[in-house]
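>>> Okay, predicted coordinates and the sequence, questions at the end:
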Amino acid sequence: MTAVEHGPRIWWRALVGFYRAPAAGTIELDPVARFLFAARSVILVISLQAALIAGLLAWTDGHFDPLAFVLVIAGFVVAHAISNLSNDYFGYRRGHDTPDSPRLRYTIHPVAGGLLTTRQLATGLVILGAVGLAIVAYFTVVRGPLALAFAAAGIALLFLYDASPVPLKSIGLGEIASFVVWGPLMVGGGYYVISGQLSATPFLASIPYGLGVASILIGKHIDQRDFDHEHGLRTLPVVLGERVTRLFNGAVIAGIYVVVAALVLTGTISVLAAIVVVALPRGLHALAVMARPRPAEPPPGYVGWPLWYHRVCLVHNRLFGWAYIGGLALGAVFGLRLPF
């Protein structure tokens, strides 16, 4: 008999459990849990963090609009959920998400795993799209054509990443697109629609976080390199090779802290942002993992295999993101920028 799981406990598991989804057919999920697992909600935190960074920078500069901030959070999370669901929809329709694919091995697939039918998934995408477009329409009216331009750039990259006839991720540009989206586009564009002001600061302050998100996707594509190569998907690791890409991703992770230091030393952000050093041990661990080939088999009890580099980068960026947010929040309250 299939067990029934519902309520906050299973919702929390979907949000923080690193893809620890129930095996297909083992339990029956309530509608909220179905959506959270289908949308891979464990990764949606990166969009929440980008929105919080944008809001804190607007607050620091004295141009904070609470309603706009709430709508930015909703818009970013909705857009990210659309991206995840559409990736799975088109991956399934194109035959990439096969039983032997990494996608079906590390967590449950919304269609292949029986969470949703293709019609339900398409319907969900339409509903989420309507919510997103309503938010875009509001900001277009309130902030003008530049807000529409930011939104259009995000929608274009969402489409081009996986849904276009020649997806960005199949030509080695998906990883760069992730930096642009979760860095300058979300933080810089989010700052604009929250504050109504254009400023160089949020675009510069977005760089460390954008690098962190890019490291997550690069790690994932290293984990999937052999499968992607066999199926003609020329992700960055397929183009550069595994070893070179691991070295490159190590440089990306190290670059996060170098850029934060530069931003602090130039007075671009508060010196209190240096609190990100609390994430440095995880960053060093990520570097150590990136420096070695992936083991042939997962350690006992490991969750999320065959994701290996992706997991360590995600765990690092999650802590770095919260620490960066904490430092910016302290800076908004106390200031303390170096006068250089």
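In hand now; what should we look at?
>>> Surely G327 and I275 touch.
Yes. Counting by Cβ atoms under 8 Å, I275 is a contact partner of G327 at 4.2 Å. Quick note: C-beta positions are derived from backbone N, CA and C, even for glycine.
>>> Same drill for those two, tell me which one is more crowded.
G327 (23 against 19; other Cβ atoms under 10 Å).
>>> In contact with the more buried one: list those residues for me.
I269, S270, L272, A273, A274, I275, V276 (Cβ atoms under 8 Å, 6 or more residues apart in numbering).
>>> let's see it at 10 Å
Neighbouring residues of G327 by Cβ atoms under 10 Å, 6 or more residues apart in numbering: 56, 260, 264, 269-278.
>>> What is the most widely separated pair among the residues you listed?
Using Cβ to Cβ, the contacts of G327 span at most 18.6 Å, a distance reached by L56 and V277.
>>> just to revisit the earlier point, and for G327 and I275, which residues touch both?
Common neighbours of G327 and I275 (Cβ under 10 Å, 6+ apart) are V260.
>>> Make a ChimeraX selection of whichever of the contacts of G327 turn out to be buried.
Restricted to buried positions by 16 or more other Cβ atoms under 10 Å, the ChimeraX selection for these reads:
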select :56,260,264,269,270,271,272,273,274,275,276
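>>> can you put the contacts of G327 in CSV and add pLDDT, secondary structure and distance to G304?
Compiled in CSV, the contacts of G327 are given as follows (pLDDT from 0 to 100; DSSP: H, G, I helix; E, B strand; the rest coil; distance: Cβ to Cβ, whole Å):
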residue, pLDDT, secondary structure, distance to G304
L56, 95, helix, 31
V260, 97, helix, 28
V264, 94, helix, 34
I269, 93, coil, 33
S270, 91, coil, 35
V271, 92, helix, 37
L272, 93, helix, 34
A273, 94, helix, 30
A274, 94, helix, 31
I275, 96, helix, 28
V276, 96, helix, 25
V277, 97, helix, 27
V278, 97, helix, 24
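>>> can you put the contacts of G327 in CSV and add distance to W308?
Output for the contacts of G327, formatted as CSV (distance: Cβ to Cβ, whole Å):
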residue, distance to W308
L56, 33
V260, 26
V264, 32
I269, 33
S270, 35
V271, 36
L272, 34
A273, 30
A274, 30
I275, 29
V276, 24
V277, 26
V278, 24
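>>> Of the contacts of G327, just say which sits nearest to Y309.
V276 (21.2 Å).
>>> Could you point out the helix or strand that follows the helix or strand bottoming out on mean pLDDT in the chain?
Lowest by mean pLDDT, DSSP states H and E among the helices and strands of the chain is strand 3-5, with a mean of 55. Following strand 3-5 in sequence order, the next helix or strand is helix 8-16 (DSSP states H and E).
>>> So for that following helix, what gets flagged as buried?
Going by 16+ other Cβ under 10 Å, helix 8-16 has these buried residues: I10, W11, R13, A14.
>>> Please, where are all the strands along the stretch 201-340 of the chain?
Read by DSSP state E, counting those that start in this stretch, the stretch 201-340 of the chain holds no strands at all.
>>> so what's the residue most central in space within the chain up against?
Residue closest to the mean C-alpha point of the chain, counted by Cα atoms, centre = their mean, is I46 at 4.3 Å. By Cβ under 10 Å, 6+ apart, I46 lies in contact with 76-77, 80, 178, 181-182, 186, 209, 212-213, 216, 314, 317-318, 321.
>>> Now a PyMOL select for only the buried ones of those residues.
Applying 16+ other Cβ under 10 Å to those, the buried members can be selected in PyMOL as follows:
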select buried, resi 76+77+80+178+181+182+186+209+212+213+216+314+317+318+321
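>>> Just the contacts of I46: which are in helices?
F76, V77, H80, S178, Y209, G212, V213, I216, L314, N317, R318, G321 (DSSP state H).
>>> Throw the residues you listed into CSV and include distance to L307, thanks.
Output for the ones in helices among the contacts of I46, formatted as CSV (distance: Cβ to Cβ, whole Å):
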residue, distance to L307
F76, 23
V77, 22
H80, 18
S178, 16
Y209, 21
G212, 17
V213, 16
I216, 10
L314, 9
N317, 14
R318, 14
G321, 19
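>>> and which of these is nearest T140?
Once Cβ to Cβ is applied, the member of these that ends up nearest T140 is F76, at 16.5 Å.
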